[in-house]
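Colleague: One predicted model, sequence on top.
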Amino acid sequence: MAGSAVESGYLRRKQMSSEDDLKIYRLVAEDPKAAIERLKAAAKACMDETGKYPIDDSQHPSMKEIFEQVEIWTVVADVKACGSDVDLGEISVGCTSTVIEALLPLCLGDPGAANDFTIHKAALVCVDAYIPLIGGVAMEMAGAAQQFLADADRWQSRNAAVMLLAGAMAVEGSQALVLEALAMVASIAQDEVGEIRHSVLYALSKIAQHHGEFVVTQQHVLDGCMALILGGTRDPEPQNAAMACWAATNLANAAKEETREDGVSALSRYYTQLCESLVHVTSRHDVMESNLLATAHNALTELLILTPPECMEAAAALGSEMVSLLHTLNGNAYTGELSDADWAVLRERQCGVIPSIGELARVLPKETLLPAIETVMEQLWAALEYGRPQADADIATDDVVASVAALSLKGDSRSNHSLVVESVLVALPAIVEALEGDYMRFAPPFNPHLKVAILSVDTERVSVHAAGVVGDIARALGTDFAPFLDDFMPTIFEALRAEHCPPSAQAALMASIGDIAFSVKAPFNKYFMEAAHVLMAASHSAVQKTVEMDDLDEVAAILAIRRGCLDGIVGVFQSCDTGESDAAAFSEFKQMAGEFTPMVLVFLHEVIEDEPDDALINSTAGLLGDIISVFGPEVVVGQAEFVSRIVDLTSASGLLSTKATGQWLLRKFKC
């Protein structure tokens, strides 16, 4: 059928690398007019005079050609919207308008009841991608939507109307256009055709995403949106309920920006009702379809961030319910007697509830959290421990680093244990932040799991999260983290030496070295030399590396390594206290640091060329000031021009903290 061809092509396109997308774009850009003619011809060949698709065969040449053309032009829209620095050639606004005109007839074509994902939907997706590229067309599309909506007898017309509105909402438009769009989607929100209800919720998500600030500050508009969202969470079709959850997530993100100092936000009055609706969604019988479970939990986690003061009791009750659910899930994992399908359901439920528990730990008052923390930490540990592959079950705690540590994250595709580990790692920073020094008593059982996660560089996201969590724990504990140095520093060095350690993991691991050094102070001297060698080697490699300017992934990787390297070096230089409390430790630090300082200064000259943002400028200025604090102004003799440039960059910053760092550096330099 036609649906299967376009769906597989659409999914395949989404998995393409940026290089493949650029190749497609450049082929079109070489001769846009000819490419448009091919699109028009393909559209005409697949439709008859009545606007129907007479061919219901995905393998027919006419259908294959139109699917291919729509896919090509969707790629072109995606690449153009990215605003890349790469020379993309000329695809003009006029050309873009012509593409929309060519696709509109397809948007109204009759796909037939048998097809689930047809050229009708593919064309709508493509038009939706093009509308934001030419802002002046937004009102025109809204007008076209009104005309299509007038043809209420044909569901394709109603669906096209809503999708055109969704595209128009991605354009910075007037408030009047937003109000018009909301009125139109509300008029057909209860349509009997599920596809149209899906498009309504999609348009609502776009409104929340691009015009959220307006929505959350206008009570009557917010009331209308919330009515649609709450109704959408009860939609019998899972893909529609998932879209309603996405809209709720977008509105919660918008409400964060408008939250008052007392914790009250625009969504406070809806908090309890929306929480209950989202929790109900997670218990639906069809929750494993259309990514509904994950989308509902994402929305719930974002909503929990906005927990208002008057709802703390309800939030605490919700937390107890979630911990109880996790206890049940962990018990099922402990038995291990599950089919592949049951493992998948179990893991996704664990991965949904754990981040929400973490967010609740962040928002609940400490006096509310502490009585329940034993149970919370016990269940998080159980989620890490239970369900690992049997081959890993007998690894002794003190042999984790020497073992093939990543086995527990990669060895059993049925258990998907890495997904659970990642969820716990997402939740832990909030809990550590809430507990502060009280986390010390929970650290020993969690440390082996963190070490395993750090070493799992082949499971990139897990290693990145683990490095960040260790840094968060170090900063939360401060000098109390010192007893764990021998646990984590060798593990981090081993991970960085791994042959296939990805750039993102390298950056996170180097930054965690800086967090640890900054936190423990003098005891870090034990690992200073090895840390300095690792950071200098990485910085030298990043500086020497040359890349083709159109290799965007490689450029991003190198920039990530440089930033991680800088974060690590900054923390290491902040591990000394200039001799005020421990003169012997400072003397030792100064002797070791002197060997590497010239290389650090060379690195700073290079890294400041990486289109510096506020964070990079602030870090560079702060590091220069720290170096002068240790060695005196003479260490930067001959670098007055460079120091002046950094001070100028801080002065031009929009952040007061960056300006203050620049002034501090200037005072140090003039001493």
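Modeller: The structure has been received and is ready for your questions.
Colleague: hey, let's count contacts and neighbours off CA atoms from now on
Modeller: OK.
Colleague: how near is D191 to L201?
Modeller: 12 Å (C-alpha to C-alpha, to the nearest Å).
Colleague: Surely R562 and S539 touch.
Modeller: Yes: contact criterion C-alpha atoms under 8 Å: R562 and S539 qualify, at 6.3 Å.
Colleague: Compare D191 and L201 (neighbour count), which wins?
Modeller: L201 (29 against 15; other C-alpha atoms under 10 Å).
Colleague: In contact with that one: list those residues for me.
Modeller: 228-229, 232, 240, 243-244, 247 (C-alpha atoms under 8 Å, 6 or more residues apart in numbering).
Colleague: Now, those residues that are in helices?
Modeller: 228-229, 232, 240, 243-244, 247 (DSSP state H).
Colleague: now, which of the residues you listed sits nearest E609?
Modeller: Distance to E609, by C-alpha to C-alpha, is smallest for A247 among the ones in helices among the contacts of L201, at 39.5 Å.
Colleague: what about the closest one, neighbour count?
Modeller: 27.
Colleague: Then the one 10 residues further on?
Modeller: Neighbouring residues of E257 were enumerated by other C-alpha under 10 Å; the total is 13.
Colleague: Return the set of buried residues in the helix or strand harbouring E180.
Modeller: Per DSSP states H and E, E180 falls inside helix 175-187. Neighbour-count burial for helix 175-187, counted by 16 or more other C-alpha atoms under 10 Å, picks out 177-178, 181-182, 184-186.
Colleague: The following helix or strand past that helix relative to helix 175-187, how many degrees between them?
Modeller: Using DSSP H and E, the helix or strand that directly follows helix 175-187 along the chain is helix 194-217. Relative orientation of helix 194-217 versus helix 175-187 (axes from the mean of the first three to the mean of the last three C-alpha atoms, to 10 degrees): 140 degrees.
Colleague: Now helix 194-217: average pLDDT?
Modeller: Averaged across helix 194-217, pLDDT comes to 90.
Colleague: where does the stretch 551-671 of the chain dip in pLDDT?
Modeller: Scanning the stretch 551-671 of the chain with the threshold set as pLDDT under 70 gives 551-553, 577-581, 671.
Colleague: where along it do the helices fall?
Modeller: Assigned by DSSP state H, counting those that start in this stretch, the helices in the stretch 551-671 of the chain fall at 552-573, 583-607, 614-631, 640-651, 656-670.
Colleague: Please tabulate these in JSON lines, including the columns distance to H417.
Modeller: Listed next are the helices of the stretch 551-671 of the chain as JSON lines, based on distance: least, C-alpha to C-alpha, whole Å:
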{"stretch": "helix 552-573", "distance to H417": "27"}
{"stretch": "helix 583-607", "distance to H417": "38"}
{"stretch": "helix 614-631", "distance to H417": "35"}
{"stretch": "helix 640-651", "distance to H417": "45"}
{"stretch": "helix 656-670", "distance to H417": "42"}
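Colleague: Now E337: which helix or strand?
Modeller: Assigned by DSSP H and E, E337 falls outside every helix and strand.
Colleague: and it, how far is that from L346?
Modeller: 12 Å.
Colleague: who's more crowded, the two?
Modeller: L346 (21 against 11).
Colleague: you'd agree H449 is up against L384?
Modeller: Yes: between H449 and L384 there is a contact at 7.3 Å, judged by C-alpha under 8 Å.
Colleague: Which one of the two is surrounded by more residues?
Modeller: L384 (22 against 19).
Colleague: Leaving out chain neighbours, which residue sits closest to that one?
Modeller: V421 (6.0 Å; C-alpha to C-alpha, 6 or more residues apart in numbering).
Colleague: Please identify the helix or strand for I492.
Modeller: Per DSSP H and E: helix 485-497 holds I492.
Colleague: List the buried residues for that helix?
Modeller: 485, 487-489, 491-493, 495-496.
Colleague: Can you list the low-confidence ranges for the stretch 1-150 of the chain?
Modeller: Looking at the stretch 1-150 of the chain by pLDDT under 70, you get 1-19, 47-60, 80-94, 96-97, 107-121, 130-144, 147-148, 150.
Colleague: next one: the stretch 151-300 of the chain
Modeller: Residues of the stretch 151-300 of the chain that meet the cut-off, pLDDT under 70, sit at 151-154, 171-173.
Colleague: try 80
Modeller: 151-168, 170-174 (pLDDT under 80).
Colleague: what's the spacing between stretch 362-377 and its chain's center?
Modeller: 27 Å (C-alpha atoms, centre = their mean, to the nearest Å).
Colleague: where's the closest residue to I72 other than its chain neighbours, which helix or strand?
Modeller: Computed as C-alpha to C-alpha, 6+ apart, the closest residue to I72 that is not its neighbour in sequence is I24, at 6.9 Å. Under the criterion of DSSP H and E, I24 resides in helix 18-30.
Colleague: Likewise for K526?
Modeller: Judged by DSSP H and E, K526 forms part of helix 525-544.
Colleague: What angle do helix 583-607 and that helix make with each other?
Modeller: Using the same axes, to 10 degrees: helix 525-544 against helix 583-607 is 10 degrees.
Colleague: could we number from 212 for the rest of this?
Modeller: Okay, residue one is now 212; in that scheme the one you just asked about reads as helix 736-755.
Colleague: who touches helix 736-755?
Modeller: 700, 704, 721, 724, 769, 772-773, 776, 779-780, 783, 796, 799-800, 803, 807, 810-811, 814, 817-818.
Colleague: buried set for it?
Modeller: Neighbour count says helix 736-755 has 736, 738-740, 742-743, 745-747, 749-750, 753-754 buried, by 16+ other C-alpha under 10 Å.
Colleague: before we move on, what about stretch 848-863?
Modeller: 854, 857-858, 860-862.
Colleague: ok so, going back, can I get the buried part of the contacts of helix 736-755 as one PyMOL selection?
Modeller: Written as a PyMOL command, the selection of buried residues from the contacts of helix 736-755, which uses 16+ other C-alpha under 10 Å, is:
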select buried, resi 700+704+721+724+769+772+773+776+779+780+783+796+800+811+814+818
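Colleague: same for whichever strand or helix holds V290, what does it pack against?
Modeller: Assessed by DSSP H and E, V290 sits inside helix 272-293. For helix 272-293, the elements it packs on are helix 213-225, helix 229-241, helix 243-256, helix 330-341, judged by 3 or more C-alpha pairs under 8 Å, 6 or more residues apart in numbering; DSSP states H and E.
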